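Asks: 3D model of this:
(one chain, ligands or ions: 2)
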Amino acid sequence: MKLLVLGSGGREHALAWKLHESQKMDELYCAPGNAGIAQEAECCPVDLSNSKALVELAKALHADLTIVGPEAPLVAGIVDDFEREGLGIIGPSKSAARLEGSKIFAKEFMRRHTIPTARFEVAEKYEDAVKALARFSLPVVLKADGLAAGKGVRIARDPMEAAQALEDLMLHRTLGSAGERVVIEECLRGEETSFIVLTDGRGILPLVPTQDHKALLDGDQGPNTGGMGAYSDDSLLSESQYDDIIRSIVAPTLAGMEMEGTRYRGFLYFGLMMTPSGPMLLEYNVRLGDPEAQPILMRLRSDLADLLVTMRDGQLASVDAHWSPNPAVCVVLASKGYPGTSEIGKPITGYEAVEALGGVKIFHAGTRVQDHHLLTSGGRVMGITATAEDLPAAIQRAYAGVSKLQFEGMHYRKDIGAKALQKAPTVTPTRRARSPRGERPVSGK
Ligand code: AMP
Ligand code: GLY
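Replies: Ligands and ions are numbered 1, 2, ... in the order given. Below is the predicted model:
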């Protein structure tokens, strides 16, 4: 098969890496890609905002299947554009992608289908938002309705901060039209889990659970980012939490979409808060998470292209995926300035030594090659991803990789996975004798 991956981040590098080892793969392309992806696939310099050019590219390459990494092309309707031309593509339609494209749509959808989520109000005008604020206790969560590249959510701890956030969004339009309308919601407490499934609308293939580290600094301090690291381990969810998530959140979402005439197909990411009264849904993302995809795909033992073809053919209910029982950890290295304006163009050294360690893979994000030198070219530069027989060993291996790398201004969190270790300092995570679908035993293959 000829496969085309769209995107240029660590998630897309992990996708390309996994697809590269597929038995089904004959030719692998990526648009636009990065320096790491170029080692797995032929990169094509086409802009992701140019849907017409991407359609032409897929036609020219005779791509059998295109896999979309980021949300922006999905929300803009790339799947509809490809399907109109009879081209195979993995992802939700424009209409289904509103689950991520509009937080108001998502929250009202959750309410319509009684999916557990934080209490909320929608405000279209600044004055209404200020009045609504008074009906929430502090801290309170303020969300821009539209896409904001991870910058659309503010948790305000005092009235001044809340008023300032609303002013920024609605009066100063710091996020442009994304902040024209806002969601004001109750702040939930608990541990976050990213639960991602692949679905053809009916069959559900849950991927192994992950935990992202969104805040910039250790101890979950500082501003939110796209994600500074993630780990995946079966011990993240108990058997009953897992069943509860499928029953009360995943299944009603897919049934609700079908009922509303927008069957959901593709990867669907459920951002969850595990509260004392059960899992609550914070948000949907209509794609794989980044960096969550890196540890997830490192644990996947099944042929990814096979799974995607099965999904495209609507046969997902009949398959299972095989996973490594071993946890995986991804530590993101970021440029000086990230998540604000980042300093780029810095030479990266030490990468040759990392993969020599074994069990560690560098997934590139903001990198490019110039005159045979590897340079930084974005805020998140790379994700050092490692797997080992237990979480402490995987964490240690990932940080051993990190210690070999250098570029000017490099910074990273030093506590990825640490919360899990605090819960069970030396215990090997429980390996439940069942697959992530909850049906058959893990094959170990
Ligand atoms: P979202 O873009 O909706 O995922 O929000 C980004 C991050 O904001 C989440 O990963 C949480 O850390 C935080 N967040 C969003 N909604 C809430 C909420 N209702 N209560 C507490 N934290 C939240
Ligand atoms: N890491 C969070 C996201 O991909 O949205």
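
Asks: And for the residue in the stretch 1-150 of the chain positioned nearest to ligand 2, the neighbour number?
Replies: Nearest residue of the stretch 1-150 of the chain to ligand 2 (C-beta to the nearest ligand atom) works out as G150 at 6.3 Å. From N, CA and C alone the C-beta is placed, and that goes for glycine too. Using other C-beta atoms under 10 Å, G150 has 14 other residues around it.

Asks: Any figure for the gap between it and T262?
Replies: With the distance defined as C-beta to C-beta, to the nearest Å, G150 ends up 25 Å from T262.

Asks: Ok, D233 next?
Replies: Counting by C-beta to C-beta, the separation of D233 from T262 is 33 Å.

Asks: Which elements pack onto the helix or strand hosting T66?
Replies: For T66, the host element (DSSP states H and E) is strand 65-68. Contact here means 3 or more C-beta pairs under 8 Å, 6 or more residues apart in numbering; DSSP states H and E; on that basis strand 65-68 packs against strand 2-7, helix 78-84, strand 89-90, helix 304-312.

Asks: Just give the strands next to it in its sheet, each with its orientation.
Replies: Strand 65-68 has these partner strands in its sheet, going by DSSP bridges: strand 2-7 (parallel), strand 89-90 (parallel).

Asks: coming back round to it: so for D233 and T262, which sits in the more crowded spot?
Replies: Between D233 and T262, D233 has the larger neighbour count (other C-beta under 10 Å), namely 25 against 19.

Asks: Tell me the spacing between the more buried one and H322.
Replies: From D233 over to H322 (counting by C-beta to C-beta), the distance is 17 Å.

Asks: and what of I384?
Replies: From I384 to H322 the distance is 25 Å (C-beta to C-beta).

Asks: More neighbours: which of these two?
Replies: I384 (30 against 16).

Asks: Compare the strands paired with strand 65-68 and give me the one nearest E185.
Replies: Between E185 and those, the shortest separation by C-beta to C-beta is 29.6 Å, and it involves strand 2-7.

Asks: Can you name the element that comes right after that closest one?
Replies: Next along the chain after strand 2-7, with elements defined by DSSP H and E, is helix 10-20.

Asks: what sits against I184?
Replies: Contacts for I184 (C-beta atoms under 8 Å, 6 or more residues apart in numbering) come out as F120, E121, V122, A123, A129, A132, L133, F136, V140, V141, L142, K143.

Asks: Is it in a helix, a strand, or coil?
Replies: For I184, the secondary structure call by DSSP: H, G, I helix; E, B strand; the rest coil comes out as strand.

Asks: before we move on, which element is A58 in?
Replies: helix 51-61.

Asks: what sits up against that helix?
Replies: Taking C-beta under 8 Å, 6+ apart as the rule, helix 51-61 contacts 2, 4, 6, 27, 29, 31, 44, 46-48, 63, 66, 73, 76-78, 81-82, 85, 87, 89.

Asks: ok, now with 6 Å
Replies: Applying C-beta atoms under 6 Å, 6 or more residues apart in numbering, the contact partners of helix 51-61 are L4, Y29, C44, V46, T66, I78, D81, E85, L87.

Asks: Please apply the same query to stretch 298-317.
Replies: Taking C-beta under 6 Å, 6+ apart as the rule, stretch 298-317 contacts 18-19, 22-25, 88, 90, 198, 200, 203, 205, 208, 232, 319, 321-324, 328, 385, 387.

Asks: of those residues, buried ones?
Replies: 18-19, 22, 25, 88, 90, 198, 200, 203, 205, 208, 232, 321-324, 328, 385, 387 (16 or more other C-beta atoms under 10 Å).

Asks: From these, which land in strands?
Replies: Among these, DSSP state E puts I90, L198, L205, S232, A328, T385, T387 in strands.

Asks: ok, so of those residues, who is nearest ligand 1?
Replies: The closest of those to ligand 1 turns out to be S232 (C-beta to the nearest ligand atom; 16.5 Å).

Asks: just the helices in the stretch 151-300 of the chain please.
Replies: For the stretch 151-300 of the chain, applying DSSP state H, counting those that start in this stretch gives helices covering 159-166, 239-245, 251-259, 293-299.

Asks: I'd like these laid out as CSV, including mean pLDDT and distance to ligand 1.
Replies: Formatted as CSV, the helices of the stretch 151-300 of the chain follow (pLDDT from 0 to 100; distance: least, C-beta to the nearest ligand atom, whole Å):
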stretch, mean pLDDT, distance to ligand 1
helix 159-166, 91, 13
helix 239-245, 96, 16
helix 251-259, 97, 15
helix 293-299, 98, 16
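
Asks: hey, which of these is tucked in deepest?
Replies: helix 293-299 (a mean of 28; mean count of other C-beta atoms under 10 Å).

Asks: In contact with Q406, which residues are there?
Replies: Going by C-beta under 6 Å, 6+ apart, Q406 touches T349, G350.

Asks: again, only this time at 10 Å
Replies: L333, K346, P347, I348, T349, G350, Y351 (C-beta atoms under 10 Å, 6 or more residues apart in numbering).

Asks: So what are the sheet partners of the host helix or strand of K361 and their directions?
Replies: Here K361, judged by DSSP H and E, is contained in strand 360-364. Applying DSSP bridges to the sheet, strand 360-364 is found paired with strand 380-387 (antiparallel).

Asks: Tell me which helix or strand comes right after the partner strand.
Replies: Sequence order places helix 391-402 as the next helix or strand after strand 380-387, per DSSP H and E.

Asks: got the angle for that next one vs strand 360-364?
Replies: 60 degrees (axes from the mean of the first three to the mean of the last three C-alpha atoms, to 10 degrees).

Asks: I am finished for the moment; much appreciated.
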